[in-house]
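Undergrad: I would like to see how this sequence folds:
(one chain, ligands or ions: 1)
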Amino acid sequence: MYKVNPVKKVAAIHDLSGFGRASLTAIIPVLSSMGVQVCPIPTAILSTHTGGFSDFTYVDLTDTMEDYIKHWEKLELEFDCIYSGFLGSVRQIEIVSNAIDIFSTESNFIVVDPVMGDDGNLYATMSLEMVESMKKLVSKADIITPNFTEAAYLLNKPYNLEIEEEEIKIWLRELSSMGPKIVVLTSVPQSESEKLTSVIAYNKENDVFWKVSCTYIPASYPGTGDAFASVVIGSLLQGDSLPISLERGVQFITTAIKASYGFDYPKREGVLLERVLDSLKMPVMSSSYELMK
Ligand code: PXL
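TA: Below is the predicted model:
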């Protein structure tokens, strides 16, 4: 008898930051709006995310994670995707690596968002030792979604905003040679114009590069990387192609930033997701993705 899978499931290994619309508070609404069930494995509980807030509280859940995962293993839970993001220590990275060994199957895919930094710098909670562990975790993923800063750290290359497209392709090939079939690089600077930024992806299996350009809005909001990766995952789970999934991710983040930028409130509160979640129910009407030669 065939088995119907009425709703796709994602095991999401991230922290819960109570205020500021990052990590699980961005991932759950986005994927739920796309009809995907999110099953969180929380890594830590923070009162707020760490970008722009000080004195936040932090409860580390590392010691509970192994038993939590063991319980799921005993229940023989199966997931369509395993998705990890911000991690707090080398040990947590090892636990995620173990969870991937337990839950990965022939038919699901593993997404590692190697959340480590932005704008050329590591986040305050990251160490170079964690960067080394993240390199090992990345090797177990089918898809990775580093931003330009994280890619530079994974490859030990200087962060250079003047980078040419040919060099970016070399970076993407090198990242995929670490293990992942698909590398999605975000916040890529475009040398032609400061007003543009792009997402460039490489699919090793067919040796193809895709590019989606977007207008650069001079504001950065925390949590947009988490929302972007979630839209891409939701879209792939709905059966969209890689370029359409990237397009949907870029369009959603652009829509969310535009819905937020006109309001005067602290950027650290994140984009006004609740105003734009419904746009995720719509199909992509026009696409601007390009196949890169
Ligand atoms: O959005 C990535 C993220 C996740 N979790 C925490 C963070 C950040 C980025 O700053 O601080 C706790």
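
Undergrad: Around the ligand, pick out the residues from the stretch 1-150 of the chain.
TA: Residues of the stretch 1-150 of the chain found near the ligand (Cβ under 6 Å from any ligand atom) are 15, 17, 22, 23, 46, 49, 50, 51, 86, 115, 123. For every residue, glycine as well, the C-beta is placed using N, CA and C.

Undergrad: Which pair of these spans the longest distance?
TA: Pairwise distances across these (Cβ to Cβ) peak at 13.6 Å, for the pair 46 and 115.

Undergrad: Now for residue 42: which residues touch it?
TA: 14, 15, 16, 24, 61 (Cβ atoms under 8 Å, 6 or more residues apart in numbering).

Undergrad: how does it look with 10 Å?
TA: 12, 13, 14, 15, 16, 23, 24, 59, 61, 64, 65, 68 (Cβ atoms under 10 Å, 6 or more residues apart in numbering).

Undergrad: Tell me the buried residues within the residues of the stretch 1-150 of the chain next to the ligand.
TA: Among these, those buried by neighbour count (16 or more other Cβ atoms under 10 Å) are 15, 17, 22, 23, 46, 49, 50, 51, 86, 115.

Undergrad: Just the ones of those in helices?
TA: Among those, no residue falls in helices (DSSP state H).

Undergrad: Including pLDDT, could those residues go into a markdown table?
TA: Converted to a markdown table, these look like this (pLDDT from 0 to 100):
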| residue | pLDDT |
| --- | --- |
| 15 | 97 |
| 17 | 97 |
| 22 | 97 |
| 23 | 97 |
| 46 | 96 |
| 49 | 94 |
| 50 | 91 |
| 51 | 88 |
| 86 | 95 |
| 115 | 96 |
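
Undergrad: In strands only, show me the residues you listed.
TA: Per DSSP state E, strands hold the following members of these: 15, 17, 46.

Undergrad: got the contact list for the first one?
TA: If I follow you right, that is residue 15. By Cβ under 10 Å, 6+ apart, the contact set of residue 15 is 22-25, 40, 42-46, 49-50, 58-61, 85-88, 92, 115.

Undergrad: now residue 5: how far from residue 235?
TA: Per Cβ to Cβ, to the nearest Å, residue 5 is found 17 Å from residue 235.

Undergrad: Which element is encountered next along the chain beyond the helix or strand harbouring residue 132?
TA: Assigned by DSSP states H and E, residue 132 belongs to helix 128-138. With elements assigned by DSSP H and E, the helix or strand that comes after helix 128-138 is strand 143-144.
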